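Asks: got a sequence here, can you model it:
(one chain, ligands or ions: 1)
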Amino acid sequence: MTSHSASQRYLSTRGGSYDLSFEDVVLKGLASDGGLFIPEEVPSLPEGWQSKWRDFSFQELAFEIFSLYISRDEIPEADLKDIIQRSYSTFRAENITPIITLDEEKKLHLLELFHGPTFAFKDVALQFVGNLFEYFLIRRNKGKKVASREHLTVIGATSGDTGSAAIYGLRGKKDVSVFIMHPKGKVSPIQEAQMTTVLDANVHNLAVDGTFDDCQDIVKALFADAETNKTLKLAAVNSINWARILAQITYYVHSYFSLVRQTGISDLKPRFVVPTGNFGDILAGYFATQMGLPADKLVVATNENDILHRFWRSGYYEKKAVHGREAEGGIEEDGAKAHVSGVKETLAPAMDILVSSNFERLLWYLAFQTSKIEETNHRRMEAGEKVKNWLEELKKEGGFCVSSEILDAAKEIFVSERVSDKQTLETIKDIYCCDLPSHEQSKNTAATTGTQHDGHYILDPHSAIGVAASLRSVQAAPGVHHISLATAHPAKFANAVELSLKDQPGFSFETVLPEQFTGLEKKEKRVTDCKADWKAVGELVTKQVEQEIKAQH
Ligand SMILES: *Cc1c(COP(=O)(O)O)cnc(C)c1O
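Replies: Predicted structure coming up:
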């Protein structure tokens, strides 16, 4: 296999740092000017990719795509292949992210991203990130004595999905400790059990007496504290980490080829529909299209926390809906509270956000593309300056507005849809009630995925938001193939699924419960209770890391 390998460098979206290596940006997570790391240049798919890559496996595609973003002298070919192999050996589906057809007439397909260890799409990225961290640390610590080894401490806050995916990505990894804070009693029982039953010595669960916001504030305070940063080398695995975006590009290309093979259409131009929260998943789709993957549009599907949907309607990016009648109409559509000041709790909690952290990355590229400046470096500086100003306005004023030129550029690639809780429940029911195309029934048996029961497909609430948006998009663009991303297994969100399907004859929640979840709540757990006080958490973390390192002597 011949591969192209660029000499790829990275810069910050706020202009404060540039010329960084892939290793730097993965281990740092966030730039020191508060910006996010992006590649200096988006590489193009190599000539002839459509025929050369057509029959590649998921792992082979991952290797080709990652090689365009990671210089070969940073990770040699054999090592990268090995990391990829190990990262996806934990998946239950043979082709990692299978695609199934929900409705042949409407050309609606579902891309199942939840066949990893924690049954959510975040595994696709975090299995890779865990192995990357370990790889870099082993290399840095080669030949060093225990006392002088570099040790990373990953700290994160979770309302459910990110925490378990991070824990499963990092469990048992050498020289990395992982601390995940969750609001005590406020995550679903399955998600709590998924996290706390992992007993590896380097995994630490903290049940915080407070809310998810308290947990996030503690993480921010610890990262901002020079003292803590000196004693513990802190690292982040939330969706701002560039490696997570990179890993997610693969399934856009992979599903494209799956559909090309399935339909026999060689000049396919599908729409990708993505249930969106922090804008990480769909940003990977943006990179895929900028590299040259044909796509009609990318559809941003939000829940009632709809800052992105309001942006695409008005050009205003603001925490509260105050501008424009359109946005207001959207908010009030089905009785949801208008002018909400905080995050609204919905049936799709992994998408409950006030602002989308990765949106900053898209803004940089839009500013860069619409710039009038010729010289590349000046152009980059101007884009960084613009992004910095916008983000400052967001912080100070609660929002900002972009020029019509930038909004037009954003509309060229993206459209948006907002889906309410009520519509989410209706979609789960509608899809359950319509029969799947018969050839799909045998392929994806309930025994292996748990998402089908007697020929009925069961969506989780996040995936249902994607499907609801897809069905609207199908009307706007009839005849276009739609690939709707399914981001979680329904068993993870029992509450919404029960609510929607409880009256369906023959439905019982047991039918969707994967064997990995049965008895999980009775297994041995390890979790430390703590107060919502960042100093106390800092001391606790320092003590547990010391003990963990001592135990390795
Ligand atoms: C994290 C998550 C999302 C949102 O993904 P973003 O990258 O934050 O946009 C959607 N669905 C599920 C199930 C998730 O866990």
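Asks: use CA for all of it now, contacts and neighbours both
Replies: Noted.
Asks: where does the prediction get shaky in the stretch 401-550 of the chain?
Replies: 438-450 (pLDDT under 70).
Asks: cool, the chain as well?
Replies: Across the chain (using pLDDT under 70), the flagged ranges come out as 1-6, 321-341, 438-450.
Asks: residue in the stretch 301-450 of the chain nearest to the ligand?
Replies: residue 350 (4.7 Å; C-alpha to the nearest ligand atom).
Asks: hmm, residue 158 and that residue touching each other?
Replies: No. The criterion here is C-alpha atoms under 8 Å, and residue 350 misses it with residue 158 at 9.3 Å.
Asks: so who does the closest residue in space to residue 29 that isn't next to it in sequence touch?
Replies: Closest residue in space to residue 29, ignoring its immediate chain neighbours: residue 241 at 4.8 Å, by C-alpha to C-alpha, 6 or more residues apart in numbering. By C-alpha atoms under 8 Å, 6 or more residues apart in numbering, the residues touching residue 241 are 25, 26, 29, 30, 37.
Asks: separation between residue 241 and residue 27?
Replies: Distance, residue 241 to residue 27, by C-alpha to C-alpha, to the nearest Å: 8 Å.
Asks: what's the answer for residue 183, then?
Replies: 26 Å.
Asks: so for those two, which sits in the more crowded spot?
Replies: Taking other C-alpha atoms under 10 Å, residue 183 and residue 27 do not tie; residue 183 has more neighbours (25 against 22).
Asks: residues in a beta bridge with the more buried one, which ones?
Replies: Beta-bridge partners recorded for residue 183 (DSSP bridges): residue 208.
Asks: so which of the contacts of residue 241 wins on neighbours?
Replies: Counting neighbours by other C-alpha under 10 Å, the top entry in the contacts of residue 241 is residue 37, with 29 neighbours.
Asks: pick out the residue of the stretch 1-150 of the chain closest to the ligand.
Replies: residue 120 (5.6 Å).
Asks: that residue reaches residue 160, doesn't it?
Replies: No. Using C-alpha under 8 Å, residue 120 is not in contact with residue 160; the gap is 10.3 Å.
Asks: returning to what we had before: and the residue of the stretch 1-150 of the chain closest to the ligand, how many neighbours?
Replies: As a burial measure, residue 120 scores 22 neighbours (other C-alpha under 10 Å).
Asks: quickly list what it is bridged to.
Replies: Counting by DSSP bridges, residue 120 forms beta bridges with residue 488.
Asks: which ones are touching it?
Replies: Residue 120 sits next to 113, 114, 161, 165, 487, 488, 489 when contact means C-alpha under 8 Å, 6+ apart.
Asks: which ones among the residues you listed also lie next to the ligand?
Replies: With C-alpha under 6 Å from any ligand atom as the criterion, the contacts of residue 120 include 161, 487, 488 near the ligand.
Asks: just the buried residues of those.
Replies: 161, 487, 488 (16 or more other C-alpha atoms under 10 Å).
Asks: okay, those residues in CSV with distance to residue 430 next?
Replies: Converted to CSV, those look like this (distance: C-alpha to C-alpha, whole Å):
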residue, distance to residue 430
161, 26
487, 18
488, 18
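Asks: so which of these comes closest to residue 20?
Replies: Looking at those and their distance to residue 20, the nearest is residue 161, at 29.9 Å (C-alpha to C-alpha).
Asks: so which of the contacts of residue 120 is the closest to residue 525?
Replies: Taking C-alpha to C-alpha as the measure, residue 525 lies nearest residue 165 of these, at 17.0 Å.
Asks: the closest residue to the closest one other than its chain neighbours: how many residues sit nearby?
Replies: Using C-alpha to C-alpha, 6+ apart and skipping residues adjacent in sequence, the residue nearest residue 165 is residue 123, 5.4 Å away. Residue 123 is flanked by 30 other residues according to other C-alpha under 10 Å.
Asks: the helix or strand containing residue 123 - contacts with which helices or strands?
Replies: Assigned by DSSP states H and E, residue 123 belongs to helix 122-140. Applying 3 or more C-alpha pairs under 8 Å, 6 or more residues apart in numbering; DSSP states H and E, we find helix 122-140 packed against helix 22-28, helix 77-88, helix 161-170, helix 242-263.
Asks: try 6 Å this time
Replies: Other helices and strands packing on helix 122-140, by 3 or more C-alpha pairs under 6 Å, 6 or more residues apart in numbering; DSSP states H and E, are helix 161-170.
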